[in-house]
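In: Build me a model:
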Amino acid sequence: MYTTIISIILWAPGPTELLIIAIIILLLFGGRKLPELMRGIGKGVREFNAAKANVRNEVEEGLRAEERKASEPQKMNDNSKDSANDSPET
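Out: Numbers count the residues shown, from 1 in each chain. Modelled structure (predicted):
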């Protein structure tokens, strides 16, 4: 894991490379299209985060439902034992 982090850091673009990339993007898309591009990227990121949160909520609800189902038979067994103990002996 340590080597993976170091390799990512070593191959990450520096400030000069980022500036060159920004200039190339500006030349390709132009000053007028760039805000539209950024809005589209922002919208995509928001939709991705919303979908991620939705999936997380569904998984958590499923886990809670499984826990409830697992605890119900125990409660039913406990209740039947209690009722058997409470019944008058003849």
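In: Where does pLDDT dip in this protein?
Out: By pLDDT under 70, the weakly predicted segments of the chain are 1-2, 74-90.
In: Just give me the residue right at the centre of it.
Out: When Cα atoms, centre = their mean is applied to the chain, the residue found nearest the centroid is K52 (4.2 Å).
In: Please compute how far the lengthiest helix in the chain lies from its chain's middle.
Out: If you go by DSSP state H, the chain has its longest helix at helix 15-86. Chain-centre distance of helix 15-86: 3 Å, with Cα atoms, centre = their mean, to the nearest Å.
In: now stretch 3-13
Out: Centre-to-centre, stretch 3-13 and its host chain are 25 Å apart (Cα atoms, centre = their mean).
In: and what of stretch 14-28?
Out: Remark: stretch 14-28 is offset 31 Å from the chain centroid, using Cα atoms, centre = their mean.
In: Other residues contacting it?
Out: Applying Cβ atoms under 8 Å, 6 or more residues apart in numbering, the contact partners of stretch 14-28 are 13, 34. Heads up, the C-betas are built off the backbone N, CA and C, glycines and all.
In: buried sites along that stretch?
Out: By 16 or more other Cβ atoms under 10 Å, stretch 14-28 has no buried positions at all.
In: burial of L37, as a residue count?
Out: When neighbours are counted by other Cβ atoms under 10 Å, L37 registers 13.
In: gap between the residue lying closest to it once chain neighbours are set aside and M38?
Out: Nearest residue to L37, sequence neighbours excluded (Cβ to Cβ, 6 or more residues apart in numbering): F29, at 5.6 Å. Per Cβ to Cβ, to the nearest Å, F29 is found 10 Å from M38.
In: ok, now L26?
Out: From L26 to M38 the distance is 12 Å (Cβ to Cβ).
In: hang on, the earlier thing: F29 and M38: who's more crowded?
Out: F29 (14 against 11).
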